[in-house]
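Enquirer: pasted the sequence and its predicted model underneath.
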Amino acid sequence: MLEVVCRLADHIDSVFGPGESKLHGYPGHPEIELALMRLYEVTEEPRYLALDELFCRTA
């Protein structure tokens, strides 16, 4: 299950973020931020923390 969640987070990371070809924010609810923070706590993957911070700043 963790592998599937990581692949989904990797896809989200490829779509959102700074850069010309990425989406810079989204209108939504805080679920993605909570999920990314929990995923970071489990994996200690810094990209998930950075993506969480991006969503917190742009939400």
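Expert: Here it is on my side, so go on.

Enquirer: pairing partners for the closest residue to V15 other than its chain neighbours in the sheet, please.
Expert: When the adjacent residues along the chain are set aside, V15 lies closest to L23, with 5.9 Å between them (CB to CB, 6 or more residues apart in numbering). To be clear about C-beta, it is placed using only N, CA and C from the backbone, and glycine gets the same treatment. Note on L23: beta-bridge partners by DSSP bridges are F16.

Enquirer: how far away is L23 from V42?
Expert: Separation of L23 from V42 (CB to CB, to the nearest Å) stands at 25 Å.

Enquirer: give me the below-cutoff pLDDT ranges for the protein.
Expert: For the chain, the stretches flagged by pLDDT under 70 are 59.

Enquirer: same thing but at 80, please
Expert: Scanning the chain for pLDDT under 80 picks out the ranges 25-29, 58-59.

Enquirer: quick one: the strands in the chain?
Expert: Here the chain has no strands by DSSP state E.

Enquirer: residues in contact with the residue nearest the centre of it?
Expert: Centroid-nearest residue in the chain: L51, 3.9 Å away (criterion: CA atoms, centre = their mean). For L51, the contact set (CB atoms under 8 Å, 6 or more residues apart in numbering) comprises A9, I12, D13, F16, G17, L36.

Enquirer: return the residues in contact with the third one.
Expert: Taking CB under 8 Å, 6+ apart as the contact definition, D13 lies against R47, Y48, L51.

Enquirer: measure it to V5 for me?
Expert: 13 Å.

Enquirer: what do you get for the last one?
Expert: Shown here: L36 relative to V5, a distance of 10 Å by CB to CB.

Enquirer: cool, thanks, talk later.
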